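In: A structural model of the following input is requested.
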Amino acid sequence: MIKILLLILFTCVAVFVGPMLADTQGFVHIVFGDRIIETSVNTAIVIYVLSILLLFVLYIILKKILNIPSRIKEGFKNRAFNKKLSAQDEAFIDFSQGQFEQSLGLLKHSSSLKKMSEKSLLVAAQSAFALELYDFTRKALDEAQSRGRQAKLAADILRAKLNLDIGNSKAALEYLDGMNGAIKNKYICQLYLKCYLSTEDYKKILDNSKEFIKQKALTKEQVREYYIKYIEKEIREADSKEKLEEIYRELSREDKRNSRIMGAIIYKFLKYGNVEKANSLALDLMKEELDPAFVESIASWEVAVPDVLIFLKKYASKNVISTQVNLPLLKAMGNLEFRAGLMTDALDDYKKALAIEPSTDIYIRIGTILTNLEKVKEATDFFRKANALIYEDKALTLKK
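Out: Residues are numbered from 1 along each chain as shown. Model prediction:
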């Protein structure tokens, strides 16, 4: 544009200045058929320049007119893009509110899987999964994985979460392990934790406890709790006296004073018939403190241990007031008395326990004792109450 104007300017200067320097003004004859128009050179140049300017103005006007369709088209494009963004935003809001069907519908309407953003693909996959449209979920995640490394990691994390939601912790672990530690944060640790808990793999939790604590997925107290559960599981799965002895030897001093761990150890020693060992460990533990957790475990012993019963009775006689409201202690004494054949004493302690809190196991145990004492009619009444309590518990469970 500037070049054209400069060209016209220099032409005008040349035309006007040239004649001025000459002796006479020149003339121009313009012929139109039989007509001849005579004009000066200056006038002709002015007409020429005006014609150029007029043509240039017409060109600009025509260009604007011809560009109108493309502008309209661009405007429609921008409108469609803004509408698409609006639909996606609305879909994200619906998803956050649990309206999965509306969310998926909006995302499908806004664009195809190939044109969806990575975020839209992940939201669409989760919405489809909630609606049990598993084939669409897979397609959306496959498309997300093809968008690059970060998108693939996001898709793998989502696959792990969704597999956990349907109870497939093995597949979830495969996806998490497949990331090779590329992402380490609290959420990933929590996913790992859920996988390990679903299979009661407490060993794995302990092996990764430092990372879990670092990422604040677990506290030190929680790690200690999982350690106790790991030991309890090891004790339950011990298939020989030798294995049980090995587990006990490897316990720390703190563990050997832990009521839950020792309760499980002693119970297993009794199961293997090592009453002497069980008796010794129980008395050592109770002399230091009578922990309710350990007393509750005594209520499940299947063997009579006279020394432990004597200890409990002495404790009860010294603490008459607390014994009257100590349900675990009453049940523990009742169980040992029952195992020792002291039916009358056992019946008395179980009835005291029943007065504190009715329970199915106490009703059944009293019914069994009364049967042994040949009080069949009275025993039947207690068995009936136990049965009624079982049905009541089932009804409450179903109601919940």
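
In: how about the CA coordinates for the helix or strand containing residue 139, as PDB?
Out: Element membership for residue 139 (DSSP states H and E) is helix 134-145. Only the C-alpha atoms of helix 134-145 are listed here, as PDB (Å, rounded to 0.1, in the frame of the first residue of the first chain):
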ATOM      1  CA  TYR A 134     -17.200 -50.900  30.300                       C
ATOM      2  CA  ASP A 135     -16.500 -51.100  26.600                       C
ATOM      3  CA  PHE A 136     -16.700 -47.400  26.200                       C
ATOM      4  CA  THR A 137     -14.600 -47.000  29.400                       C
ATOM      5  CA  ARG A 138     -11.900 -49.100  27.800                       C
ATOM      6  CA  LYS A 139     -12.000 -47.100  24.500                       C
ATOM      7  CA  ALA A 140     -11.800 -43.800  26.300                       C
ATOM      8  CA  LEU A 141      -8.800 -44.900  28.300                       C
ATOM      9  CA  ASP A 142      -7.100 -46.400  25.300                       C
ATOM     10  CA  GLU A 143      -7.500 -43.100  23.500                       C
ATOM     11  CA  ALA A 144      -6.100 -41.200  26.500                       C
ATOM     12  CA  GLN A 145      -3.100 -43.500  26.600                       C
END
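
In: From the contact counts, what lies against it?
Out: Contact partners of helix 134-145 among helices and strands, from 3 or more C-beta pairs under 8 Å, 6 or more residues apart in numbering; DSSP states H and E: helix 118-130, helix 149-165. Heads up, the C-betas are built off the backbone N, CA and C, glycines and all.

In: Sort out which residues of it are buried, please.
Out: 136-137, 139-141, 143-145 (16 or more other C-beta atoms under 10 Å).

In: What is the nearest of these to residue 56?
Out: Distance to residue 56, by C-beta to C-beta, is smallest for residue 143 among the buried residues of helix 134-145, at 52.7 Å.

In: pretty sure the closest one is touching residue 117, no?
Out: No. Counting by C-beta atoms under 8 Å, residue 143 stays clear of residue 117, with 10.8 Å between them.

In: Can you pull the poorly scored residue ranges out of this structure?
Out: Applying pLDDT under 70 to the chain flags residues 1-50, 63-64, 66-85, 320-325, 393-400.

In: How is it divided into domains?
Out: Using automatic domain parsing, the domains assigned to the chain come out as 2-77, 112-183.

In: Tell me how far the residue nearest to residue 281 when sequence neighbours are not counted lies from residue 200.
Out: Leaving aside its sequence neighbours, residue 281 sits nearest to residue 266 (C-beta to C-beta, 6 or more residues apart in numbering; 5.3 Å). According to C-beta to C-beta, to the nearest Å, residue 266 and residue 200 sit 22 Å apart.

In: same thing with residue 302?
Out: For residue 302 relative to residue 200 (C-beta to C-beta), the value is 24 Å.

In: Over to residue 277?
Out: 27 Å.

In: Compare neighbour counts for those two and give me the winner.
Out: residue 277 (18 against 13; other C-beta atoms under 10 Å).
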